[in-house]
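Asker: predicted model, plus sequence, below.
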2 protein chains.
Amino acid sequence: MTDVPSMDALAMLLRRLPGIGPRSAQRISYELLVRKRELMPQLAAALQQAHTVVRFCERCNNLSESSRCGVCRAEHRDRSIVCVVESPADLRAIEDTGVFAGEFFVLMGHLSPLDGIGPEALHIDRLTARLAEADLREVIFATNPTLEGEATAQFLAGLVPNGIIVSRIARGVPVGGELEYVDRGTLGRALHGRRLLDE
Amino acid sequence: MTDVPSMDALAMLLRRLPGIGPRSAQRISYELLVRKRELMPQLAAALQQAHTVVRFCERCNNLSESSRCGVCRAEHRDRSIVCVVESPADLRAIEDTGVFAGEFFVLMGHLSPLDGIGPEALHIDRLTARLAEADLREVIFATNPTLEGEATAQFLAGLVPNGIIVSRIARGVPVGGELEYVDRGTLGRALHGRRLLDE
Ligand SMILES: [Zn+2]
Ligand SMILES: [Zn+2]
């Protein structure tokens, strides 16, 4: 604490952002007030603007400035494949690979009974409606490779109508990683999920 | 870049804060928009508020919400000793030690001829006026133990009127540090600046 209450108040809020501890919140506050004052109203305006205009896509829950997001508005996407992810950031990571041309559905979390997050929190009604669309052919579950992500994929797979392909993103050794540094669980799964070389 | 321009704009501004890279700016933007929306107007208001009310102490340049900062307003401080520091954060670090009862003068930087920062940028007029006050007895230079900080202390020491004690914070081995991990320059100076054990 300093004897400048409005700086302390700012630092306390900054600490609630991911990856920012008490030291770094104080450092940012000083930097703003001493050397980057012009950034303060700019940042305040950007926060207000994003808070006002960014909403969730009515079709897939992705972040968007219109009722439907860029992916759902695009005309060339393959509507017969839906990739189910936990968050808009995961959707963005998959979009950035450039290898997926289908659509998405963002759950906004994963099942976590201990935290009271059940199926209803994951927009199951709308997912069910999406899975009932006539031209659907495949659902890819790209939830995180964590216990909760796996359990969520397992549970949701049970909701997919018969006749539709259900897949899960591959787990294995990260491309470019050295085996020596890969954790045991990942390496074990990579061995278990091995493929024939001429496949 | 995403297809949500106001989120991208927010991330671009966040990247200008110290310790926040592109990845972490994007992560913070997603976190705010997906899970911590209520924080956005709060943070915007705190930025505006601090920007509006925090100014620089007219006597010592410290951050303050009044014309004089908490240190300069305090009645029990020893006005006969002035500690010269580079920034309000350095002042705060010294205050937090609880061992200094004098006043401060914040230079707001250090001499850096290559960056065009000459004596005039360091509020030399006001420092000179402060050094001319009748009851002054000692000036402690607590600029950073860097090349620029040392050069700044050397230069400013030349401005101190005759008869006033000029001192520099001690350099040496950090308390609690292991010699093995102390850098060579610091260790060399610590040897050079050794004191008799009964001093
Ligand atoms: Zn969408
Ligand atoms: Zn002051």
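Answerer: It's in. Ligands and ions are numbered 1, 2, ... in the order given.
Asker: C-alpha from now on. contacts and neighbour counts both.
Answerer: Will do.
Asker: how about A:Asn62, phi and psi?
Answerer: As for A:Asn62, its main-chain torsions (degrees, to the nearest 10) stand at phi -60, psi 160.
Asker: surely it meets A:Glu103?
Answerer: No. Applying CA atoms under 8 Å as the test, A:Asn62 and A:Glu103 come out as separate, 10.7 Å apart.
Asker: more neighbours, these two?
Answerer: When A:Asn62 and A:Glu103 are compared on other CA atoms under 10 Å in any protein chain shown, the one with more neighbours turns out to be A:Asn62, at 29 against 19.
Asker: just the pLDDT at that one, thanks.
Answerer: In this prediction, A:Asn62 carries a pLDDT score of 96.
Asker: OK, contacts around it?
Answerer: Going by CA atoms under 8 Å, 6 or more residues apart in numbering or on different chains, A:Asn62 touches A:Phe56, A:Cys69, A:Ser87, A:Pro88, A:Leu91, A:Phe105, A:Val106.
Asker: what's the neighbour count on the fourth one?
Answerer: By the other CA under 10 Å criterion, the neighbourhood of A:Pro88 contains 25 residues.
Asker: over to the third one?
Answerer: Residue neighbour count, defined by other CA under 10 Å, stands at 23 for A:Ser87.
Asker: pLDDT score assigned to A:Leu197?
Answerer: The predicted local distance difference test score for A:Leu197 is 63.
Asker: how about the helices in chain A?
Answerer: Defined through DSSP state H, the helices belonging to chain A, from first to last, are A:5-14, A:22-34, A:39-53, A:70-73, A:88-97, A:124-131, A:147-157, A:184-192.
Asker: which outside residues touch the fourth one?
Answerer: Residues lying outside helix A:70-73 but in contact with it, judged by CA under 8 Å, 6+ apart, are A:Arg59, A:Cys60, A:Ser64, A:Arg77, A:Glu103, A:Phe104, B:Asp3.
Asker: most neighbours, which of the residues you listed?
Answerer: A:Phe104 (28 neighbours).
Asker: leaving out the residues flanking it, which one is nearest to that residue?
Answerer: Spatial nearest neighbour of A:Phe104, chain neighbours left out: A:Cys83 (4.6 Å); criterion: CA to CA, 6 or more residues apart in numbering or on different chains.
Asker: contact partners for the one you found?
Answerer: Residues near A:Cys83 by CA under 8 Å, 6+ apart: A:Gly102, A:Glu103, A:Phe104, A:Phe105, A:Val139, A:Ile140, A:Phe141, A:Ala142.
Asker: distance of it from B:Ala151?
Answerer: Using CA to CA, to the nearest Å, one gets 61 Å for the distance from A:Cys83 to B:Ala151.
Asker: so where's chain A uncertain?
Answerer: Within chain A, the segments meeting pLDDT under 70 span A:1, A:196-199.
Asker: so which residue is dead centre in it?
Answerer: If you average the C-alpha coordinates of chain A and look for the closest C-alpha using CA atoms, centre = their mean, you land on A:Ser87, 2.4 Å from that point.
Asker: how many other residues sit next to A:Leu156?
Answerer: 18.
Asker: any figure for the gap between it and chain B?
Answerer: Counting by CA to the nearest CA, to the nearest Å, the gap between A:Leu156 and chain B amounts to 22 Å.
Asker: quick one, phi/psi of A:Asp3?
Answerer: Dihedral angles of A:Asp3 (phi, psi; degrees, to the nearest 10) stand at phi -100, psi 30.
Asker: excluding sequence neighbours, find me the nearest residue to the residue of chain A found nearest ligand 2.
Answerer: Nearest residue of chain A to ligand 2 (CA to the ion) works out as A:Asp3 at 11.2 Å. Here the nearest residue to A:Asp3 in space, its sequence neighbours aside, is B:Gly70; by CA to CA, 6+ apart that works out to 6.2 Å.
Asker: that neighbour and B:Leu43: what is the separation?
Answerer: 25 Å.
Asker: sorry, back to before: nearest to ligand 1, of the helices of chain A?
Answerer: Checked against CA to the ion, the stretch from those lying closest is helix A:70-73, at 4.3 Å.
Asker: follow-up on the earlier one: so the residue of chain A closest to ligand 2 sits against B:Ser64, correct?
Answerer: Yes. Because the distance of 7.5 Å satisfies CA under 8 Å, A:Asp3 is recorded as touching B:Ser64.
Asker: walk me through the domains of chain A.
Answerer: Taking automatic domain parsing as the domain assignment, the ranges for chain A are A:5-53, A:56-168.
Asker: deepest-packed of those, please.
Answerer: Comparing these by mean neighbour count (mean count of other CA atoms under 10 Å in any protein chain shown), domain A:5-53 comes out on top with a mean of 19.
Asker: biggest strand in chain A, by residue count?
Answerer: strand A:78-85 (DSSP state E).
Asker: what lines up beside that strand in the sheet?
Answerer: Strand A:78-85 sits in its sheet next to strand A:102-106 (parallel), strand A:138-141 (parallel), going by DSSP bridges.
Asker: let me have these in a markdown table, adding distance to ligand 2 as columns.
Answerer: Written out in a markdown table, the entries for the strands paired with strand A:78-85 read as follows (distance: least, CA to the ion, whole Å):
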| stretch | distance to ligand 2 |
| --- | --- |
| strand A:102-106 | 53 |
| strand A:138-141 | 60 |
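Asker: just send these back as a markdown table, with distance to B:Ser167 too.
Answerer: Compiled in a markdown table, these are given as follows (distance: least, CA to CA, whole Å):
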| stretch | distance to B:Ser167 |
| --- | --- |
| strand A:102-106 | 63 |
| strand A:138-141 | 67 |
